[in-house]
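J.: Dropping a prediction and its sequence here:
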Amino acid sequence: MTSAFTKTYSGLSKQLRSTVGIVPHSNLEKRLLSIEWEALWDTGATNTLISHKIIADLSLAPVSYCKVSTPQGKYDAACYYIDLYLPNQVKIPRVQNQEFNCSLFIVHC
């Protein structure tokens, strides 16, 4: 059994992106309601960020609030739990995410 996935590019890439499946952590149907999103893998990030669109599309409810620091300053952000499915169908359960004004799902690693 393999638990890795490979992403190939036609040339030099400055970003690592892949498609991932996202479901609310509390979803009993799990994979049935998974929605695919483009993820940007940020090897220097300390948090995983999720866009307003993903939150709305999955009807996520915040589980808590936390402080987020960006180059533009600090702010309070809603936190959510999701289950993340990698391109090879490996599930990462209960990933905590902070709400952020972006169009991608940004994953720290």
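T.: On my side now, so go ahead.

J.: per-residue pLDDT, residue 34?
T.: Here the pLDDT value assigned to residue 34 is 67.

J.: Which strands border the helix or strand containing residue 39, and is each parallel or antiparallel?
T.: Assigned by DSSP states H and E, residue 39 belongs to strand 35-42. Paired neighbours of strand 35-42 in the sheet (DSSP bridges): strand 16-24 (antiparallel), strand 105-108 (parallel).

J.: got the residue ranges for the strands in the chain?
T.: For the chain, applying DSSP state E gives strands covering 16-24, 35-42, 49-51, 64-70, 73-85, 91-100, 105-108.

J.: need the least confident one among those strands, by mean pLDDT.
T.: Across the strands of the chain, the lowest-scoring stretch is strand 105-108, with a mean of 60.

J.: measure stretch 24-38 end to end?
T.: End-to-end span of stretch 24-38 (Cα to Cα, to the nearest Å): 16 Å.

J.: Make residue 1 into 4 and carry on from there
T.: Sure thing, new numbering starts at 4, so read that last one as stretch 27-41.

J.: any idea how far residue 55 is from the nearest residue to residue 82 once chain neighbours are set aside?
T.: Spatially, and ignoring its direct neighbours in sequence, residue 82 is nearest to residue 67 (4.7 Å; Cβ to Cβ, 6 or more residues apart in numbering). From N, CA and C alone the C-beta is placed, and that goes for glycine too. Going from residue 67 to residue 55 by Cβ to Cβ, to the nearest Å gives 18 Å.

J.: cool, residue 104 as well?
T.: Residue 104 sits 7 Å away from residue 55, going by Cβ to Cβ.
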